[in-house]
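>>> Generate a structure from the sequence data that follows.
(one chain, ligands or ions: 2)
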Amino acid sequence: MSDRVILFDTTLRDGEQALAASLSVNEKLQIARALERTGIDIIEAGFPVSSPGDFDSVQQIARTLRDSRVCALSRAVQGDIDAAAEAMKVADQFRIHTFISTSSIHVESKLKRNFDQVLEMATGAVRYARRFTDDVEFSCEDAGRTPIDNLCRMVEAAIKAGATTVNIPDTVGYTTPTEFGGIITNLFERVPNIHQAVISVHCHDDLGLSVANSIAAIEAGARQVEGTINGIGERAGNAALEEVIMILNTRQTHFGLTTNARPTEIYRTSSQVSRLCNMPIQPNKAIVGSNAFSHSSGIHQDGMLKAQNTYEIMTPESVGLPRNTLNLTSRSGRHVIKHRMTELGYQEQDFDLDTLYQRFLELADKKGQVFDYDLEALLFFENQKEDDAHYVLRQLNVQAGSNHFATGSIEIGIGQQVVTEAATGNGPVDSVYRAIERATGQKIAIQSFDIGATGEGHDALGQVDITAEYQGRTFHGMGLSTDIIEASARALIHVYNLIHRQQRIDQQKQDKAMGDA
Ligand SMILES: CC(=O)SCCNC(=O)CCNC(=O)[C@H](O)C(C)(C)COP(=O)(O)OP(=O)(O)OC[C@H]1O[C@@H](n2cnc3c(N)ncnc32)[C@H](O)[C@@H]1OP(=O)(O)O
Ligand SMILES: CC(C)C(=O)C(=O)O
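Ligands and ions are numbered 1, 2, ... in the order given. Below is the predicted model:
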């Protein structure tokens with residue numbers, strides 16, 4: 001049995017199922033690149049049959065990845081498999097992941113079939129997928145609640161049909177580590193052809209056991225582990241891949257197993273996923289929470305001063321969070337910014353030093369000292385900018401007070417035009433949003449509005465996340481500024497740009513369809 005555990009990330013598929021609004025293609029590409037840098041072997045990029053947007057993003061990711069292998073999900077039906085293969089054929093190598101439920105509850109109540117019919121569908125799907133690639137993964141959905149005899153039959157049949165990886169999901173996070181490890185042990189004891197495939201696990205966190213169950217399965221012989229960054233995913237989420245990586249890494253002598261992971265990329269990848277997905281990380285989260293490496297009580301601090309390993313089983317540096325010793329202020333130069341970005345794990349090609357330095361100076365002038373999270377926020381914001389932004393916020397003014405209606409006036413670029421508008425509202429944000437709506441002539445239904453700070457103190461960068469609906473689709477806009485009204489306006493402008501881009505894509509598709517007809 002191999003001593004390497006294959007890392008399979010499904011942030012862009014199972015993780016995205018948890019988000020209020022779909023990620024844009026640009027956002028998915030940023031995450032895919034971060035995952036690749038983190039050393040993830042297989043990246044599940046989406047479920048192409050589910051929407052044209054998903055199809056497009058899988059295709060673009062397939063075109064982009066070099067070291068990680070792209071994978072797409074499909075039900076055990078030919079149309080889904082065709083869509084997955086079509087989306088990924090631009091890559092030299094790709095994996096098709098097909099699945100069907102095996103538990104009695106799912107087979108009878110959801111699929112409305114009997115187990116033998118489902119077995120037929122599964123093997124038919126695996127055989128069909130093998131026509132497109134020799135890398136086919138089959139998942140027994142709800143394996144955790146599947147009678148073991150049926151699970152053994154299904155695994156054996158899927159391998160016989162050509163599955164090269166067989167995944168055992170605890171879809172509803174029901175099992176305990178002893179039970180789940182026992183299922184894997186049983187499969188190894190009872191399925192005669194089991195060594196012809198890699199056995200994988202995919203655990204959900206409904207009872208908070210997803211990582212523990214994954215580790216129990218690895219101890220029982222599973223050699224692929226599926227999860228997501230920060231554990232985001234359907235309901236309570238999936239196994240947090242950064243935790244699995246650091247368990248195997250920190251306890252290497254205990255497990256004797258390796259991965260291809262680059263742990264020093266973890267912190268950066270985790271922050272990027274959190275920001276792009278608008279899913280904050282709880283402070284006490286293992287590995288990547290803001291308190292994960294802070295020591296606050298006297299006895300602990302005394303221990304840390306004497307020897308760091310008294311209270312740290314791994315260092316923040318090992319997950320890419322360097323201790324900071326240099327203050328960054330408006331008197332800092334380009335060298336120190338570049339040095340700090342390198343310490344934070346960024347490579348030269350990840351940022352344009354001159355642009356970042358200009359943004360840094362503007363921020364340093366406003367707030368004095370600039371911290372790591374500010375630098376990362378600035379870079380994130382630059383990456384979010386569309387090269388061809390149709391709407392650009394040029395100026396904004398607000399008058400507000402406790403005794404008046406607020407008045408907002410804005411100047412925005414719309415394509416080649418510059419439009420100025422003003423409006424009153426119930427507060428400064430409302431007045432600015434009304435002014436922007438007047439200028440664009442398009443009303444958008446805002447579904448959620450979240451405001452938070454990136455960093456600490458009253459001069460922290462404000463981050464505004466909104467989800468908005470337009471013609472039945474949901475869009476996520478994000479704005480950053482030390483001024484929360486400006487951050488709010490930027491978030492709305494971001495949504496207008498996403499809608500504009502979507503309209504352009506829809507138009508191109510319509511033109512192509514008419515051309516084909
Ligand atoms: C455990 C997981 O995370 S699974 C992945 C979940 N992800 C998603 O659902 C992605 C988003 N989903 C979608 O876009 C849509 O649900 C689609 C495109 C997949 C299907 O849409 P629709 O065709 O309208 O079907 P709908 O979602 O309403 O119902 C699912 C159908 O697929 C069937 N089905 C469910 N899983 C499978 C499977 N693995 N293999 C074959 N059929 C399946 C169901 O029984 C149901 O069939 P029925 O219409 O005969 O009752
Ligand atoms: C499709 C499968 C792997 C899944 O997401 C689950 O069972 O949770």
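>>> ok, now how distant is N383 from H458?
N383 is 27 Å from H458, where distance means C-beta to C-beta, to the nearest Å. From N, CA and C alone the C-beta is placed, and that goes for glycine too.
>>> Show me which of those two is the more surrounded one.
Neighbours per residue (other C-beta atoms under 10 Å) separate N383 from H458, with N383 holding more: 16 against 7.
>>> in what helix or strand does the residue lying closest to that one once chain neighbours are set aside lie?
Nearest residue to N383 in three dimensions, chain neighbours excluded: Q30, at 6.1 Å (C-beta to C-beta, 6 or more residues apart in numbering). Q30 belongs to helix 25-37 when assigned by DSSP states H and E.
>>> Now do that helix: which elements does it pack against?
Counting contacts by 3 or more C-beta pairs under 8 Å, 6 or more residues apart in numbering; DSSP states H and E, helix 25-37 is packed against strand 42-46, helix 52-64, helix 266-277, helix 372-384.
>>> Tell me which residues of the helix or strand following the third one come out buried.
Looking back up the chat, that one is helix 266-277. On the C-terminal side of helix 266-277, the closest following helix or strand by DSSP H and E is helix 298-306. Neighbour-count burial for helix 298-306 flags G303 (criterion: 16 or more other C-beta atoms under 10 Å).
>>> Now do the helix or strand just after helix 298-306: which elements does it pack against?
The helix or strand immediately downstream of helix 298-306 is helix 334-343, counting by DSSP H and E. Here helix 334-343 touches helix 353-367, helix 372-384, going by 3+ C-beta pairs under 8 Å, 6+ apart.
>>> tell me, which of those is the model least confident about?
Mean pLDDT per stretch puts helix 372-384 lowest among the helices and strands packed on helix 334-343, at a mean of 80.
>>> Chain neighbours aside, what residue packs nearest to the residue in the stretch 251-400 of the chain that ligand 1 sits nearest to?
Residue nearest to ligand 1 within the stretch 251-400 of the chain: C277 (16.5 Å; C-beta to the nearest ligand atom). Distance criterion C-beta to C-beta, 6+ apart; nearest residue to C277, sequence neighbours excluded, is L19 at 5.6 Å.
>>> State the number of residues packed around that neighbour.
17.
>>> For the helices and strands packed on helix 25-37, please prepare a markdown table with the additional fields distance to ligand 2.
Formatted as a markdown table, the helices and strands packed on helix 25-37 follow (distance: least, C-beta to the nearest ligand atom, whole Å):
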| stretch | distance to ligand 2 |
| --- | --- |
| strand 42-46 | 9 |
| helix 52-64 | 14 |
| helix 266-277 | 17 |
| helix 372-384 | 28 |
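>>> about what we covered before: the helix holding Q30: how far from the chain's middle?
Relative to the chain's own centre, helix 25-37 is displaced by 8 Å; criterion: C-alpha atoms, centre = their mean, to the nearest Å.
>>> can you tell me the helix or strand for the residue located most distally from the centre of the chain?
Note on the chain: the largest C-alpha distance from the chain mean falls to N403, namely 44.0 Å (C-alpha atoms, centre = their mean). Using DSSP H and E, N403 sits in no helix or strand.
>>> per-residue confidence averaged over the helix holding Q30?
Helix 25-37 comes out at a mean pLDDT of 95.
>>> Name the next helix or strand downstream of the helix or strand H202 falls within, please.
Assignment of secondary structure by DSSP H and E places H202 within strand 198-203. For strand 198-203, the succeeding helix or strand toward the C-terminus, using DSSP H and E, is helix 210-219.
>>> If you count neighbours, what's buried in that following helix?
Within helix 210-219, the residues that count as buried by 16+ other C-beta under 10 Å are 210-218.
>>> didn't the residue nearest to C277 look like it was pressed against N278?
Yes - counting by C-beta atoms under 8 Å, L19 touches N278, with 7.4 Å between them.
>>> does E421 sit in a helix, a strand or a coil?
strand (DSSP: H, G, I helix; E, B strand; the rest coil).
>>> Let me fix that, I meant to ask about D134.
coil.
>>> Then S448?
Under three-state DSSP, S448 comes out as strand.
>>> what does V225 give?
Here V225 takes the strand state, with states given by three-state DSSP.
>>> same check, this time on the one 10 residues further on
What three-state DSSP gives for R235 is coil.
>>> Number of residues surrounding it?
R235 has 12 neighbours, counted by other C-beta under 10 Å.
>>> Please apply the same query to the one 4 residues further on.
Using other C-beta under 10 Å, A239 has 29 neighbouring residues.
>>> dump the residue contacts of it.
202-205, 210-211, 213-214, 225-228, 231 (C-beta atoms under 8 Å, 6 or more residues apart in numbering).
>>> Domain map for the protein?
6-277, 298-380, 391-508 (the TED database).
>>> just to revisit the earlier point, same for ligand 2: which of the contacts of A239 are within range?
Applying C-beta under 6 Å from any ligand atom, the subset of the contacts of A239 adjacent to ligand 2 comprises 202, 204.
>>> will you turn the contacts of A239 into TSV that also has distance to ligand 1 and pLDDT?
Listed next are those as TSV, based on distance: C-beta to the nearest ligand atom, whole Å; pLDDT from 0 to 100:
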residue	distance to ligand 1	pLDDT
H202	9	98
C203	12	98
H204	9	98
D205	13	98
S210	14	98
V211	18	98
N213	16	98
S214	16	98
V225	17	98
E226	11	98
G227	13	98
T228	12	98
G231	15	98
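>>> Could you single out the nearest of the contacts of A239 to ligand 2?
Scanning the contacts of A239 for proximity to ligand 2, where the rule is C-beta to the nearest ligand atom, the winner is H202, at 4.6 Å.
>>> just to revisit the earlier point, tell me which of the domains of the chain sits nearest to I287.
I287 lies closest to domain 6-277 among those, at 4.9 Å (C-beta to C-beta).
>>> can you list the residues of the stretch 201-350 of the chain near ligand 1?
Looking at ligand 1, the residues of the stretch 201-350 of the chain close enough under C-beta under 6 Å from any ligand atom are E234.
>>> which ones are touching R95?
Contacts of R95 (C-beta under 8 Å, 6+ apart): 42, 69-72, 133, 135-137, 165.
>>> among those, who's most crowded?
Using other C-beta under 10 Å as the neighbour test, these are led by A72, with 32 neighbours.
>>> Doesn't that residue belong to a helix?
No - counting by three-state DSSP, A72 is located in no helix; its state is strand.
>>> From P263, how far off is it?
27 Å.
>>> swap in G15?
From G15 to P263 the distance is 20 Å (C-beta to C-beta).
>>> more crowded one of the two?
Taking neighbours as other C-beta under 10 Å, G15 and P263 compare with G15 leading, 27 against 21.
>>> now that one: how far from ligand 2?
Separation of G15 from ligand 2 (C-beta to the nearest ligand atom, to the nearest Å): 11 Å.
>>> Please verify my assumption that that residue contacts G233.
Yes - using C-beta under 8 Å, G15 makes contact with G233 at a distance of 5.2 Å.
>>> contact partners of stretch 48-65?
The contact list for stretch 48-65 (C-beta under 8 Å, 6+ apart) reads 12, 22-23, 25, 28-29, 32-33, 36, 43, 45-47, 70, 72, 74-75, 79-80, 83-84, 86-91, 94, 505, 509.
>>> let's see 7 Å
By C-beta atoms under 7 Å, 6 or more residues apart in numbering, the surrounding residues in contact with stretch 48-65 are 22, 25, 28-29, 32, 36, 43, 45-47, 70, 72, 74, 79-80, 83-84, 87-88, 90-91, 94.
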